[in-house]
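Colleague: output the structure for:
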Amino acid sequence: LRPSHLLSTPPRRTRIPRATMAAVANTMRSVARMNAKVATRSLSSMSAMVDEFPDTPQAIEFTPTAEGVKTSTLQNGVTVVSQQTGKATATVGLSVAAGSRFEGPAAAGSALLLKNMAFTATNARSDIKLARDLEAAGLTADISAGRESILYSVAGSGDMSEALAAIAETSLTPKLASWEVKEIAAGSVAKELAVVSTDPSVLLSETLHEAAFGVDTPLGGAFYQTPKNVTSESLEGYMGAYYTPSAMTVVGTGVAHADLVSNAEAMFGGLSSAAADVPASPFVGGVSTLKADAAFTHVALAFPSTDAATGAVLEALLGMNTGDMSSSYSVTYSDTGLVGLMGATEPTAAGAMVESFVGAFKAAASVDEATFTLAKTAAKTNAFIAMEDGLPLEIANIDGVTSASLKSAVAAMLKASPALAAVGPSAAVPSYPALTSMLK
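Modeller: Residues are numbered from 1 along each chain as shown. Sure, this is the predicted structure:
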C-alpha cells in the first residue's frame, strides 16, 4: 500500500509498465506517505523566508520534466528504462511481476519468501561473499515485494555493471537448497511476519485490499502469509513460471541508457519463456474490519483508480488538506489501482473521520484551477523523489492530466462502490449503507 508506494505510468512515447510502478508503490512506503501536503508546505515556507529576508537570493522555481527518460525493449521482451539524474550516485534495479497475486493457495507466501532470500547465497557465491563484494564495490542492495511485483535494487557510486550482475545472480540463480529455504522461512520470514502482525499500517493495508477486491482473491488475499506449503522444488517452479522476460523490467537512474541496455542484454537477453497470465482480480468494494484492543481506530477509504497518473495527482490533491493523523495514498497494479485516504482517530470519532474523507473526495470533484496546479506540481515532485530511490517515473503522463479529466475521474469514483477498512475498535465505523449514503 502506498500510504506509501509507491508510488506509481503511461503517450506512446516511452511507456513504463504499470507493473513496474506497482513495485515502487510497495517498495517505498515512506515515500508514498510523503503526499502533496508536505511538498506544498515546503514551498510555502520557502516563499515566506524570501519575503521576510529581502537580501536572500530569489528561489529558482522548480518544475519537474520528463526529459531524460529512455525506454528500450530487448528482443526477448525484457524492458529497460533509464533516467539521468546528474548525481554522482546511481541505482539499478530489476522489477519482476511475480508478487503474491500470482501465488494461489498452494504457493501462498512464495513472494515473501523470495524477498527474504534475495541477496543471500547463490549458485556462485555465499551470502557473506556476495555482501562483502558489494560492500567493497561501494554498493548497497535492497529488496521489496508486494502483490504485483518483486523489486531488486542496488545503489551506490561503484560499478553499475557489477551492481546489475549481482541482481541477475540473486534473481536468476539463487541457492534453493531445501535446508536453506526452510531456514529462511523459519528465520527472517517468521520474524517479519511477527513484526507486521502488530503494525497498524500493514494490517490496514491488508484489510483494505480485502474490502476492495474480496476475500481470498488474487489482490484481496493477504500478502503476508506463512509459506507453510512452499518447498525448494515448488519455489523453483514458481520462479520458472513467473520470472519470464516479459515480466521483467530493468531500471536505472543516473546511468547511461546505452550502458544499461548493453548490460541488460548480457545478463537477461538469453532468457526465453512464455509470459504468464495475470490473474484477474476486479474491484468489488465493501467494508472490512479487523477488531483489536487498541487506543485508536485506523480507517482507510479507497476508490478504484485505473489510471496511475490521475491517481498520483488525486493523491497529491487529497493530501493537501489532511490532518496530522491522516494521509492520502495511491497504489497501482497492472490492471487496476486504489486511491484514497487513511488515518487514525479516537474510536468514537471513526464515523466523523470517514465522513471527512468523503468530503475531501467531493471537494476534489470541483477543484479550482489554482489548487489543481499545485497538486499536479506536487505529484511530479513526488515522482522525482521516488525516482531518486531507484525508479524512473514518466512525468509526461502526469503532464497529461487536466483539471477537467481529474474532476471527471473523481465524479465517476463517487458513483462507484467504495472500499472501507478499519483496524481497531469498530463500533463507530459506518456500515456500508451508511457509507453509500454519505456519497450522495
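Colleague: what separates Val358 from Arg132, distance-wise?
Modeller: 54 Å (C-beta to C-beta, to the nearest Å). Where you see a C-beta, it was placed from the backbone N, CA and C, and this is true even at glycine.
Colleague: no wait, Thr373
Modeller: For Thr373, the distance to Arg132 equals 50 Å [C-beta to C-beta].
Colleague: check which residues of the top helix by length along the chain are buried.
Modeller: Counting residues, the longest helix found in the chain (DSSP state H) is helix 369-388. For helix 369-388, burial by neighbour count (16 or more other C-beta atoms under 10 Å) applies to 371-372, 374-388.
Colleague: try stretch 165-181
Modeller: Neighbour counts using 16+ other C-beta under 10 Å place 165-172, 174-176, 180-181 of stretch 165-181 among the buried residues.
Colleague: what's next to that stretch, contact-wise?
Modeller: By C-beta atoms under 8 Å, 6 or more residues apart in numbering, the residues outside stretch 165-181 that reach it are 92-94, 96, 113-114, 117-125, 130, 133-134, 139, 141, 152-154, 230-232, 235-236, 243, 263, 267-268, 271.
Colleague: got any ranges where the stretch 201-350 of the chain has weak pLDDT?
Modeller: Within the stretch 201-350 of the chain, no stretch has pLDDT under 70.
Colleague: where exactly do the helices run in it?
Modeller: With helices called from DSSP state H, counting those that start in this stretch, the stretch 201-350 of the chain shows them at 232-242, 257-268, 308-319, 350-364.
Colleague: buried deepest among those helices, which one?
Modeller: helix 308-319 (a mean of 29; mean count of other C-beta atoms under 10 Å).
Colleague: from the contact counts, what lies against that one?
Modeller: Judged by 3 or more C-beta pairs under 8 Å, 6 or more residues apart in numbering; DSSP states H and E, the packing partners of helix 308-319 are helix 36-52, strand 326-332, strand 337-345, helix 350-364, helix 369-388, helix 395-399, helix 403-415.
Colleague: how about these in JSON lines, adding distance to Glu206?
Modeller: Shown next, in JSON lines, are those (distance: least, C-beta to C-beta, whole Å):
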{"stretch": "helix 36-52", "distance to Glu206": "25"}
{"stretch": "strand 326-332", "distance to Glu206": "12"}
{"stretch": "strand 337-345", "distance to Glu206": "13"}
{"stretch": "helix 350-364", "distance to Glu206": "18"}
{"stretch": "helix 369-388", "distance to Glu206": "23"}
{"stretch": "helix 395-399", "distance to Glu206": "29"}
{"stretch": "helix 403-415", "distance to Glu206": "22"}
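Colleague: pick out the shakiest of those, pLDDT-wise.
Modeller: Among the helices and strands packed on helix 308-319, helix 36-52 has the lowest mean pLDDT, at a mean of 30.
Colleague: on that earlier part again, now, the buried residues of stretch 165-181 that are in strands?
Modeller: With strands taken from DSSP state E, there is no overlap with those.
Colleague: let's have these in CSV, adding distance to Ser431 and pLDDT.
Modeller: Formatted as CSV, the buried residues of stretch 165-181 follow (distance: C-beta to C-beta, whole Å; pLDDT from 0 to 100):
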residue, distance to Ser431, pLDDT
Ala165, 55, 97
Ala166, 51, 98
Ile167, 48, 98
Ala168, 51, 98
Glu169, 52, 98
Thr170, 48, 98
Ser171, 46, 98
Leu172, 50, 97
Pro174, 47, 96
Lys175, 51, 94
Leu176, 48, 94
Glu180, 48, 94
Val181, 44, 96
